[in-house]
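S.K.: Using only what follows, build the 3D model:
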Amino acid sequence: MTTGHRITIEPSGRHVRVVHDGQVLAESDRSLVLRETGCPERYYFPAEDVRLDLLTPSGTHTRCPFKGDASYWSLPGAADLVWAYPEPKPDVAEIKDHLCFYEVEVF
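M.R.: Numbering: from 1, shown residues only. You can find the predicted model right below:
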């Protein structure tokens with residue numbers, strides 16, 4: 001990693017949930033918390049704990065020099081609400097098969 005840039009990933013140890021327009025999209029006691037220099041904490045949910053049936057893959061793809069290439073999913077009226085790194089870089093391999101949302105409730 002670049003000098004001064006740091007990413008840590010660990011089990012959150014908390015109950016986390018994503019609700020959008022009253023609909024629970026994800027809920028887990030097994031999420032990972034990713035902390036990255038200059039970025040807010042992000043919770044990554046195991047795919048099994050996400051309502052994938054409600055999400056539609058979008059055409060959006062971004063590249064992070066530290067995590068790799070991200071793919072996005074949307075809901076009607078909520079474009080690119082969730083993302084994942086299908087083939088994350090080795091330093092963040094733990095987030096493979098996990099999805100991340102912009103807004104998360106932590107309990």
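S.K.: quick one: low-confidence parts of the protein?
M.R.: Across the chain, the ranges flagged by pLDDT under 70 are 1-3, 107.
S.K.: Where do the strands of it begin and end?
M.R.: With DSSP state E, the ranges of strands along the chain come out as 7-11, 16-20, 23-28, 32-36, 42-46, 56-64, 68-75, 78-84, 98-101, 105-106.
S.K.: Out of those strands, the one nearest Pro90 is which?
M.R.: strand 68-75 (9.4 Å; CB to CB). Every residue, glycine included, has its C-beta placed from N, CA and C.
S.K.: That closest one versus strand 56-64: what angle between them?
M.R.: With axes from the mean of the first three to the mean of the last three CA atoms, to 10 degrees applied, the angle from strand 68-75 to strand 56-64 works out at 150 degrees.
S.K.: Can you list the strands that strand 68-75 pairs with?
M.R.: According to DSSP bridges, strand 68-75 forms sheet pairs with strand 56-64 (antiparallel), strand 78-84 (antiparallel).
S.K.: which of the residues in it are buried?
M.R.: By 16 or more other CB atoms under 10 Å, the buried positions in strand 68-75 come out as 68, 70-75.
S.K.: Throw those residues into TSV and include distance to Pro46, thanks.
M.R.: TSV is the format used below for these (distance: CB to CB, whole Å):
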residue	distance to Pro46
Gly68	18
Ala70	17
Ser71	16
Tyr72	18
Trp73	15
Ser74	20
Leu75	20
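S.K.: In those residues, find the pair that's most separated.
M.R.: Gly68 and Leu75 (24.0 Å).
S.K.: quick one: Pro11 and Arg30 touch, right?
M.R.: Yes - taking contacts as CB atoms under 8 Å, Pro11 lies within contact range of Arg30: 7.4 Å.
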